[in-house]
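*Asks:* Structure, please.
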Amino acid sequence: MSDDRAMPALRILLSDAARERVGAVISSAMGPRAHCFVAPRSGVDADLALVTRDVTGLSTKHAVLPETQAFYDAMLGAPSLRWVHVHSAGADRPVYVELRARDVAISTSSGANAAVVAQTALAGLLALARRFPQLMRAQRERTWAPLIGTGLPRDLAGQTAVVVGWGPIGQQIAAFLRLLGLRLVVVRASAEPAAADIETLAFEDIGRVLPRADWLLLACPLTSRTRGLLDAGAIARLPRGAHLVNVARGELIDEQALIEALASGRLGGAYLDVFAHEPLPPESALWGLDNVIATPHSAGFSDGNASRVIELFIDNLRRWLAGEKLLNDVA
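*Replies:* As a prediction, the model looks like this:
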């Protein structure tokens, strides 16, 4: 029988902040297996890495701040790196693509913030349905403008919502929408029914359902199949007055075509938490459109997320040490 204590110490790359906060928890999960924590610096080597929220901070995949880049460089420069666990639900940042090309296993924290993102998507839908952008504009202008004067909002019950993506976020969104009485259609990786009573299509067939979509909610990962899923032609197939909610990735959409459809009034409105380029440039027309709610990729932020991420990481750490399949492994 092998003695874990006699094996070479596993080197775990994590930030100083994460080591202070969860180092003891990780050590407890390691049991007798020899290990040490290494900080992100030039020339460091590591066997596994934990990318916590403090690492990415205010960086985006398009604008990486120096402190984030230092951690990325440490991972890319670690010849022994075999596994990286990421705090986010997606792993489409270039650094993870490059690591995967080196056969480094990447696992995500999909599900950790699913309820929070779904709640935010629902808030965006309700705000648009109840015309909060219009009402808040009137508030800023100190104008008494009851909705009865501009046409009554439609009841949500009976409208059709198309949910794109059937992971933890998409499923939670769908549960909320069904409670509100919306008809549900799911677009996912395959046409296998999401449930016995849910119409389901594959990503490539989304055009068939768009003409019926009162609400289109995007909650799918960014992959070669979903990038540009809503091009200009697809957006044109949406019915006049349709609304869009995007809590997935900005690259799913032809953003200029979306801007034109919103500015012309052909689309009723959009709640957008993600964009083709982040941060959203100050000159983007999306900032100023009256029928758009734009938030800075914040749909999943909550004070409980960090602990849920660590729970997922610890679960995967035990699996990894035992040679078992990782949860949320990026194929």
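*Asks:* Strands along the protein, start to end?
*Replies:* Using DSSP state E, the strands assigned to the chain run over residues 10-13, 35-38, 48-51, 83-86, 105-107, 160-164, 183-188, 199-202, 215-218, 243-246, 269-272, 292-294.
*Asks:* Now the fourth one - C-alpha only, PDB.
*Replies:* To tie it back to what came earlier, the one meant is strand 83-86. Output in PDB follows, covering the C-alpha atoms of strand 83-86 (Å, rounded to 0.1, in the frame of the first residue of the first chain):
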ATOM      1  CA  TRP A  83      -5.800  20.500 -13.400                       C
ATOM      2  CA  VAL A  84      -7.300  24.000 -12.900                       C
ATOM      3  CA  HIS A  85     -10.600  24.700 -11.100                       C
ATOM      4  CA  VAL A  86     -12.300  27.900 -12.100                       C
END
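*Asks:* got any ranges where the stretch 51-200 of the chain has weak pLDDT?
*Replies:* Along the stretch 51-200 of the chain, the model assigns pLDDT under 70 to no residue.
*Asks:* Phe176 is in contact with Ala115, isn't it?
*Replies:* No. The pair Phe176 / Ala115 is not scored as a contact, 10.1 Å apart, by Cβ atoms under 8 Å. C-beta coordinates here come from the backbone N, C-alpha and C atoms, glycine included.
*Asks:* what's the overlap in contacts for the two?
*Replies:* Common contacts of Phe176 and Ala115 (Cβ atoms under 8 Å, 6 or more residues apart in numbering): none found.
*Asks:* Quick one: closest of the strands of the chain to Ala331.
*Replies:* Taking Cβ to Cβ, strand 105-107 is the member of the strands of the chain nearest to Ala331, at 9.6 Å.
*Asks:* helices or strands up against the closest one?
*Replies:* strand 83-86, helix 94-101 (3 or more Cβ pairs under 8 Å, 6 or more residues apart in numbering; DSSP states H and E).
*Asks:* Mean neighbour count, these: which tops it?
*Replies:* Mean neighbour count (mean count of other Cβ atoms under 10 Å) peaks for strand 83-86 among the helices and strands packed on strand 105-107, with a mean of 24.
*Asks:* per-domain residue ranges of this protein.
*Replies:* 4-112+303-321, 114-294 (automatic domain parsing).
*Asks:* one step back: and the strands of the chain as JSON lines, adding distance to Pro146?
*Replies:* Formatted as JSON lines, the strands of the chain follow (distance: least, Cβ to Cβ, whole Å):
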{"stretch": "strand 10-13", "distance to Pro146": "58"}
{"stretch": "strand 35-38", "distance to Pro146": "60"}
{"stretch": "strand 48-51", "distance to Pro146": "49"}
{"stretch": "strand 83-86", "distance to Pro146": "47"}
{"stretch": "strand 105-107", "distance to Pro146": "51"}
{"stretch": "strand 160-164", "distance to Pro146": "27"}
{"stretch": "strand 183-188", "distance to Pro146": "29"}
{"stretch": "strand 199-202", "distance to Pro146": "37"}
{"stretch": "strand 215-218", "distance to Pro146": "24"}
{"stretch": "strand 243-246", "distance to Pro146": "22"}
{"stretch": "strand 269-272", "distance to Pro146": "19"}
{"stretch": "strand 292-294", "distance to Pro146": "21"}
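*Asks:* ok, back up a step: okay if I get the domains of the chain as CSV plus distance to Ala331?
*Replies:* As requested, these are exported to CSV (distance: least, Cβ to Cβ, whole Å):
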stretch, distance to Ala331
domain 4-112+303-321, 9
domain 114-294, 10
